[in-house]
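**Student:** Provide a 3D model corresponding to the input given below.
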Amino acid sequence: MGPNNVFHLFRNANYLKLFLAEFTSQLGNVIGIMAITFYLLDKFSQQPYYTTMKDMMHAAPALVVFLFIGVFADRFDRQKIAVHCDLIRAFLTVCLMICIWYDSLAFIFLAIFLRSAVGKFFPPAQSAIIQGVLSKEEYPLAAGLNSMLVSVFLLNPAARGRRSKGPVHESLTNLLT
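**Tutor:** Below you'll find the model as predicted:
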């Protein structure tokens, strides 16, 4: 079994840990963002444009921070970037839960924006970490697997969201992942 075999990648314990961590993190992100969508639709049913604003707050950071992401991943310790991104996002998730508890819409949108902005720094750091774990021949397969993982969650986020127990519970799930 050569480097073009998926099972070969998963025999690498470090890559397996990274892959499973990314899977768990993506699952938590999808659960959290769908729960917030359903919360906004339920709580503010007369203002459905709030869900569009939520999507804008989730997507806008890509436009704001994309110039700096690669520089950070190249110049600083990638592992520390990944760990700090997760810790900051966990703190912002707690803030988001508090904002939802108090129905503070402006702070909910701010927390979503900040969580998304911090989260944009994680993928380049993760890619750089993967380069240190795998050989050059294994990069394309690993990139394909990571891309597939993102696509799976993009295609089926609503299936988990329909069984949502509420935004605070789902944000707690996101925090734990």
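**Student:** for this protein, which spans come out with low pLDDT?
**Tutor:** 1-4, 153-177 (pLDDT under 70).
**Student:** one more time with 90
**Tutor:** Confidence mapping of the chain against pLDDT under 90 gives the ranges 1-39, 41-49, 51-52, 55, 58-59, 61-83, 85-86, 90, 103, 119-177.
**Student:** for it, which segments count as helices?
**Tutor:** Counting by DSSP state H, the segments of the chain that form helices are 6-10, 13-43, 49-75, 78-101, 105-119, 122-133, 139-155, 158-161, 167-176.
**Student:** including mean neighbour count, could those go into TSV?
**Tutor:** Just so you know, the C-beta spots here come from the backbone N, C-alpha and C atoms, and that holds for glycine as well. Listed next are these as TSV, based on neighbours: other C-beta atoms under 10 Å:
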stretch	mean neighbour count
helix 6-10	13
helix 13-43	18
helix 49-75	14
helix 78-101	18
helix 105-119	19
helix 122-133	17
helix 139-155	14
helix 158-161	14
helix 167-176	20
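**Student:** got a list of what residue 80 touches?
**Tutor:** Contact partners of residue 80, counting by C-beta atoms under 8 Å, 6 or more residues apart in numbering, are absent.
**Student:** for residue 113, same thing?
**Tutor:** By C-beta under 8 Å, 6+ apart, the contact set of residue 113 is 57-58, 60-61.
**Student:** rerun at 6 Å
**Tutor:** Applying C-beta atoms under 6 Å, 6 or more residues apart in numbering to residue 113 gives the contacts residue 57.
**Student:** where's it relative to residue 76, distance?
**Tutor:** Counting by C-beta to C-beta, to the nearest Å, the gap between residue 113 and residue 76 amounts to 23 Å.
**Student:** ok, now residue 87?
**Tutor:** For residue 87, the distance to residue 76 equals 15 Å [C-beta to C-beta].
**Student:** now residue 135
**Tutor:** Distance of residue 135 to residue 76, computed by C-beta to C-beta: 24 Å.
**Student:** when these two are compared, which one has more neighbours?
**Tutor:** The neighbour count for residue 135 versus residue 76, taken as other C-beta atoms under 10 Å, is higher for residue 76 (13 against 10).
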